[in-house]
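Engineer: Below are the sequence and a predicted model; questions follow.
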Amino acid sequence: MHRSRNAKIIATLGPSSSSPAMIRALFDAGVDMFRLNFSHGQHDDHKKRLGAIRDVERDVGRPIGIMVDLQGPKLRVGTFAGGPILLNSGDRFRLDLEAAPGDSKRASLPHPEIFAALIPGTDLLLDDGKLRLEVLECGRGYAETRVKIGGRLSERKGVNVPGVILPLSPFTEKDRCDLNFGLEQGADWVALSFVQKAEDIAEARMLIGSRALIMAKLEKPAAIDNLDAIVALADGIMVARGDLGVELPPAQVPIIQRRIIRACRRSGKPVVVATQMLESMTTSPVATRAEASDVATAVYEGSDAVMLSAESASGKFPREAVAMMDSIIRGVEGDVDFHAPTNERDAKFRASHADAICSALRLVAGLVLAKATVAYTRSGSTSMRAARERPAAPILSLTPLLATARQLTPVWGIHSVVVENEITDEASMTSLACDAALAGGFGKHGDNIVIVAGVPFGVSGTTNLLRVATLSAAPPN
């Protein structure tokens, strides 16, 4: 019923992993949540994959999470009349709103929002940072630049504007259409691209409501400047190292990754580390030592989940990539010197009653050598608070809501079980917890478990009860 590890695995589905057989193979290899990348594929493609995931879920009797990843605004140069151009360092190059095809002297940049935010001295990055331009002069609808780092530039290549908050909504018309489709299909999480500030999360919340949880992708330097405010409003955070590595020096990315993870740990928000974790496995059946170290570092730092992108979506060895990630995580967590990072509270942190109960959960579980900790939850908050404390014993999350069980799949250490009956008193709570722990193989007769719940039962946000119970053998028929 449960994995032999705490950190979770998210895998992206794509051309290499769309068949029901491959989706089942990826789950068997260790996937806890699947990502549907709406930058690629049509709605019909995603609908088929979604249906296949739910079929696997029914077959295995274990909740599987689904995250839809919205494309967000893509900033690109226009076309070129004679094909790709060559820009040399020191050249002057103009960008403007004119729709005419470009040449070696100018190009169309059909994004007035960029020109509105530019000032002289701003750098523009083209084609994933391979080319760099410095703005010399700019105005409404144009920018005169000097080429700082030249190279070959072909049409429709991406544009990054590091260090500038662009007056853009993270939702394009395509994103709104994709979002409605994903929510109608029952997505559990929505990954929001191009997040720059807390207001972007508030806008997403108005559109999504309570139908799904929001995963904020941090891939802009502006988002790092607003880190604490974004973490406070989002349900989870993704360290999206692709564009982040374009707009920042590579040496800064590991430092920022650690900073983001620590901020999420303080707030008890799940955090996912993503992009190029096992990149070489798109073409090779084995990972490099550097990639293994990259995944291991994310686990050592306390990440809730690690994610595969091209490796599982379009690579030649999707199942092997998942198995490799599973092996690395289990290796790290089996290290005798590994200690799951506990909650990092600063002086400003004010613990609620629920925080106090879940902090006590970790301590008591250690003292009584509990084989499992059990959290009753409707909204998922109790289980997330328990995960925040990183108890040594597995977290068995019991909920009457399948949607909640699915939403908890990327959260560290949580093993969700959907229970048919609502608990009504402490005795039924204890009995159900013991039965679930025994049925799931979390312990045997005589073992201790520690239970947290809220009274009155069935009311979200009331975590205030902790109990130690001893597993008893089932009575004979």
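Structural biologist: Yes, it's here.

Engineer: Quick one: low-confidence residue ranges for the protein.
Structural biologist: 1, 342-351, 458, 461, 473-477 (pLDDT under 70).

Engineer: Could you point out the helix or strand that follows the helix ranked longest in the chain?
Structural biologist: When the chain is parsed with DSSP state H, its longest helix is helix 43-60. Once helix 43-60 ends, the next helix or strand along the chain (criterion: DSSP states H and E) is strand 65-69.

Engineer: Please identify the buried residues of the longest helix of the chain?
Structural biologist: 46, 48-50, 52-53, 56-57 (16 or more other CB atoms under 10 Å). All C-beta atoms are positioned from the backbone trio N, CA, C, and that covers glycine.

Engineer: Who are the packing partners of that helix?
Structural biologist: Applying 3 or more CB pairs under 8 Å, 6 or more residues apart in numbering; DSSP states H and E, one finds that helix 43-60 contacts helix 20-29, strand 33-37, strand 65-69, helix 173-184.

Engineer: Show me the one of these that comes nearest S309.
Structural biologist: With CB to CB as the measure, strand 33-37 is the member of the helices and strands packed on helix 43-60 nearest S309 (7.6 Å).

Engineer: mind listing what that closest one pairs with, with the direction of each?
Structural biologist: With DSSP bridges as the test, strand 33-37 is paired with strand 8-13 (parallel), strand 65-69 (parallel).

Engineer: JSON lines for those, including mean neighbour count?
Structural biologist: JSON lines is the format used below for the strands paired with strand 33-37 (neighbours: other CB atoms under 10 Å):
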{"stretch": "strand 8-13", "mean neighbour count": "27"}
{"stretch": "strand 65-69", "mean neighbour count": "26"}
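
Engineer: could you dump those to JSON lines with distance to K316?
Structural biologist: As requested, the strands paired with strand 33-37 are arranged in JSON lines below (distance: least, CB to CB, whole Å):
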{"stretch": "strand 8-13", "distance to K316": "15"}
{"stretch": "strand 65-69", "distance to K316": "22"}
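
Engineer: of the ones you listed, which approaches R205 most closely?
Structural biologist: strand 65-69 (15.8 Å).

Engineer: Skip ahead from that closest one and say which helix or strand is next.
Structural biologist: Downstream of strand 65-69, the next assigned helix or strand under DSSP H and E is strand 85-87.

Engineer: Which stretches in the stretch 201-350 of the chain count as helices?
Structural biologist: Secondary structure of the stretch 201-350 of the chain by DSSP state H, counting those that start in this stretch: the helices cover 221-225, 227-233, 241-247, 253-267, 289-301, 310-313, 318-333.

Engineer: Pick the most buried one from these.
Structural biologist: Highest mean neighbour count of the helices of the stretch 201-350 of the chain: helix 310-313, a mean of 26 (counted as mean count of other CB atoms under 10 Å).

Engineer: Packing partners of that one?
Structural biologist: So helix 310-313, by 3+ CB pairs under 8 Å, 6+ apart, packs with strand 8-13, helix 318-333.

Engineer: residues in contact with the spatially closest residue to D96 that is not a sequence neighbour?
Structural biologist: Once flanking residues are discounted, D96 sits nearest to Y142: 4.3 Å by CB to CB, 6 or more residues apart in numbering. With contacts defined as CB atoms under 8 Å, 6 or more residues apart in numbering, Y142 is in contact with 94-97, 115.

Engineer: rerun at 7 Å
Structural biologist: Remark: with contacts taken as CB atoms under 7 Å, 6 or more residues apart in numbering, Y142 is in contact with 94-96, 115.

Engineer: Helix or strand: which one has P170?
Structural biologist: Here P170 is assigned to no helix or strand, by DSSP H and E.

Engineer: In contact with it, which residues are there?
Structural biologist: Listed by CB under 7 Å, 6+ apart, the contact set of P170 reads 72, 192-195, 200.

Engineer: would you turn those residues into a markdown table with distance to L466 and neighbour count?
Structural biologist: As requested, the contacts of P170 are exported to a markdown table (distance: CB to CB, whole Å; neighbours: other CB atoms under 10 Å):
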| residue | distance to L466 | neighbour count |
| --- | --- | --- |
| G72 | 42 | 24 |
| L192 | 35 | 25 |
| S193 | 40 | 24 |
| F194 | 42 | 25 |
| V195 | 36 | 29 |
| D200 | 38 | 25 |
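
Engineer: Now do A305 against A387, distance only.
Structural biologist: Between A305 and A387 the computed distance is 11 Å (CB to CB, to the nearest Å).

Engineer: And P162, how far from A117?
Structural biologist: Separation of P162 from A117 (CB to CB): 12 Å.

Engineer: no, scratch that, I was asking about N180
Structural biologist: 29 Å.

Engineer: same thing with G443?
Structural biologist: Distance from G443 to A117, counting by CB to CB: 58 Å.

Engineer: And these two? Which one has more around it.
Structural biologist: G443 (20 against 16; other CB atoms under 10 Å).

Engineer: ok now do the nearest residue to the more buried one once chain neighbours are set aside, which residues does it touch?
Structural biologist: Of all residues not flanking G443 in the chain, K371 sits nearest, at 3.6 Å (CB to CB, 6+ apart). Each residue near K371 by CB under 7 Å, 6+ apart is listed here: 393, 442-443, 447-449.

Engineer: Same question for G413.
Structural biologist: By CB under 7 Å, 6+ apart, the contact set of G413 is 6, 387, 394-395.

Engineer: next one: D123
Structural biologist: 132-134, 162.

Engineer: hmm, back to that, okay, the contacts of G413 in JSON lines with distance to A212 next?
Structural biologist: Formatted as JSON lines, the contacts of G413 follow (distance: CB to CB, whole Å):
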{"residue": "N6", "distance to A212": "24"}
{"residue": "A387", "distance to A212": "19"}
{"residue": "P394", "distance to A212": "26"}
{"residue": "I395", "distance to A212": "22"}
